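In: take a look and give me a structure for this.
(one chain, ligands or ions: 2)
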Amino acid sequence: MNAPVPPRDQVDAQCPACRLHALVPMLLRRIEHDRWAQVEPEEDTGDDEVVQIDACPVCNGAWFDAGELDLLAGEATDLEHALDPTSHPSKRGCPRGCSVMREHDLPGVIRTPVDHCHTCKGIWLDGHERHKLAKSTTREGQQDVKQRMARRGAIWAAQLLVQLPVEVENPVHTTPWVVISIVTALLSCFALQLLGIVDLGNCAPGLGDLPSGAMFGDLADGATFADLCFAPVAGSLKHQWGRLGFGAIGEGSWYTLTTHWLLHGGWAHLLGNCYFLYIFGDNVETLFGRRRFVLFFLGAALIGGFAEVLLTQNTVSPIIGASGGIAGVMAAYLWCFPRNKLFQVVLFVQLKLPVWVYLFVWVGFQAVMGLFETSDAGVAWFSHLFGFAFGAAVTPLILRMRRREIAKTVRTPALAL
Ligand SMILES: [Zn+2]
Ligand SMILES: [Zn+2]
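Out: Numbering: from 1, shown residues only. Ligands and ions are numbered 1, 2, ... in the order given. Now for the predicted structure:
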């Protein structure tokens, strides 16, 4: 008895769960009796051994048309009929555009309700439910045949969802050009530092004395590029507040507020920042779009530097590093992928770590860098804090824009609830 293969028509819909992406078709081919593997669209031979489901690359939720879940779970499994008959209204609309779905329990298998469309009989499984599914499959003592079968389906579903090859860490396969450009800029500026073309020593102030370091206006007086200071020193900027303004280029070093994030105190600081920027930045860039991501990163970096100058007015060492911008990117990442785990290879063992662990590692890393890299500077905690706050405040606005955009590009927008 073979279940009929559903027609392979595309679901052109916004993800009903996170609404941040359109559903992407995913083809699965039977490789053994009840084992399935993902195949590329080119490999689709159009035969009955290939099933197409539709998944969200951001939240990893997946849509199963009627019959697909049972077909994938195995012939004897009647997972779709194992749904508890009682239901509650769901907040999500059917990706096929029928109407609002209903939430059903899947007794003995999973505690969180599963969304089910009563019109087209399709089922939506959330990405995070895969963890619960995986856990529930290890529970013992399920006697009821229906439940056992449902459990078998859940084992399959858990396996499938765990190996969802739409990478957790990299939702869309685009090149993160902005992240690459920023990393290149950071490396280039560090090279300029090593060559002595950019010299942090120029920024060392005589506290209370003006000017500290050379200013743009001084170039005319025979100073060279190498004499310029590119990092603000809070203690000396303090005395320039009165002269801030566009006419003051020759008098103040306020422009250092826009250049300081390009400079670093040492190799470890630089490479650490590049690493974290790449880990988190590529996904955020993909999700935000390039232009928005550039503005977002610069905003976090500048707000962070500005806050540091305002709040630590008596420090005498220059404020440097891209950490404020990276803190903003991390806040964005936490907003966008709160349940995400990142793969991390530690001593040849691949670990899967939650995002917040990374956050702690990063904070710890900054603290260590502050202790060892620069003798008197320490960590620019305020720049981290305000960069992070900027990211946390601005990301929801950007995500709202993104959701509206996706809703316009698909045939079936998700319900805006
Ligand atoms: Zn989603
Ligand atoms: Zn439907």
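
In: which stretches of the stretch 101-250 of the chain aren't confidently modelled?
Out: For the stretch 101-250 of the chain, residues meeting the criterion pLDDT under 70 lie at 108-111, 128-173, 201-250.

In: make it 50
Out: For the stretch 101-250 of the chain, applying pLDDT under 50 flags the ranges 134-144, 158-159, 161-171, 206-223, 242-250.

In: flag every residue of it that's near ligand 2.
Out: Contact residues (CB under 5 Å from the ion) of the stretch 101-250 of the chain with ligand 2: Cys117, Thr119, Cys120. For every residue, glycine as well, the C-beta is placed using N, CA and C.

In: for Ile180, state which of these is nearest.
Out: Lowest distance from Ile180 to these (CB to CB) belongs to Cys117, with 41.8 Å.

In: identify the residue nearest the closest one in space, chain neighbours excluded?
Out: The shortest distance from Cys117 to any non-neighbouring residue, by CB to CB, 6 or more residues apart in numbering, is to Cys94 (3.9 Å).

In: let me see the contact set for that neighbour.
Out: Counting by CB atoms under 8 Å, 6 or more residues apart in numbering, Cys94 touches Pro16, Val100, Met101, Cys117, Thr119, Cys120, Gly122.

In: quick one: buried ones out of the residues of the stretch 101-250 of the chain next to ligand 2?
Out: Buried members of those, scored by 16 or more other CB atoms under 10 Å, are Cys117.

In: looking at the residues of the stretch 101-250 of the chain next to ligand 2, spot the one nearest Ile303.
Out: For these, the nearest to Ile303 is Cys117 (44.7 Å; CB to CB).

In: I'd guessed the closest one sits against Met101; true?
Out: Yes - using CB atoms under 8 Å, Cys117 is in contact with Met101, at 5.0 Å.

In: list residues touching both of these two?
Out: Cys94, Trp124.

In: now Leu298: how far from Leu187?
Out: Distance, Leu298 to Leu187, by CB to CB, to the nearest Å: 18 Å.

In: whoops, I mixed them up, Asp70
Out: Taking CB to CB, one finds Asp70 at 53 Å from Leu187.

In: and for Asp126?
Out: Distance from Asp126 to Leu187, by CB to CB: 40 Å.

In: can you check the pLDDT for the residue nearest to Gly122 when sequence neighbours are not counted?
Out: Excluding the flanking residues, the one nearest Gly122 by CB to CB, 6+ apart is Asp65, at 4.9 Å. As predicted, Asp65 sits at a pLDDT of 90.

In: all strands of the stretch 201-350 of the chain, in order?
Out: Ranges of strands in the stretch 201-350 of the chain, per DSSP state E, counting those that start in this stretch, are 341-346, 349-354.

In: which one of those has the lowest average pLDDT?
Out: strand 341-346 (a mean of 54).

In: now the strands for the stretch 1-150 of the chain?
Out: Under DSSP E, counting those that start in this stretch, the stretch 1-150 of the chain gives strands at 24-32, 35-39, 50-55, 62-64, 87-93, 100-106, 110-116, 123-125.

In: Arg102 - how many residues pack around it?
Out: 19 (other CB atoms under 10 Å).

In: isn't it right up against Thr86?
Out: No - between Arg102 and Thr86 there is no contact under CB under 8 Å: 9.5 Å.

In: could I get the contacts of Cys94 as a markdown table with distance to Glu308?
Out: Output for the contacts of Cys94, formatted as a markdown table (distance: CB to CB, whole Å):
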| residue | distance to Glu308 |
| --- | --- |
| Pro16 | 42 |
| Val100 | 49 |
| Met101 | 48 |
| Cys117 | 52 |
| Thr119 | 56 |
| Cys120 | 55 |
| Gly122 | 52 |
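
In: greatest separation within those: which pair is it?
Out: Maximum distance among the contacts of Cys94 (CB to CB): 14.3 Å, for Pro16 and Thr119.

In: domain boundaries for this protein, per the record?
Out: Listed by automatic domain parsing, the domain ranges of the chain are 24-162, 177-409.

In: tell me which residues in stretch 386-401 are buried?
Out: Phe386, Gly387, Phe388, Ala389, Phe390, Gly391, Ala392, Val394, Thr395, Ile398, Leu399.

In: just the element for the second one, please.
Out: Assessed by DSSP states H and E, Gly387 sits inside helix 381-409.

In: and that helix, what's its mean pLDDT?
Out: pLDDT averaged over helix 381-409 gives 92.

In: and that helix, what does it pack onto?
Out: helix 267-288, helix 290-311, helix 323-336 (3 or more CB pairs under 8 Å, 6 or more residues apart in numbering; DSSP states H and E).

In: just checking, what packs against the first one?
Out: Okay, so that is helix 267-288. Against helix 267-288 (3+ CB pairs under 8 Å, 6+ apart) you get helix 177-194, helix 290-311, helix 323-336, helix 355-372, helix 381-409.

In: what's the closest of the strands of the stretch 1-150 of the chain to ligand 1?
Out: Within those, the stretch nearest ligand 1 is strand 50-55; the backing value is 8.5 Å (CB to the ion).

In: pairing partners for that closest one, with directions?
Out: strand 24-32 (antiparallel), strand 62-64 (antiparallel) (DSSP bridges).

In: comparing these, which comes out most buried?
Out: Highest mean neighbour count among the strands paired with strand 50-55 (mean count of other CB atoms under 10 Å): strand 62-64, with a mean of 27.

In: alright, I will stop here.
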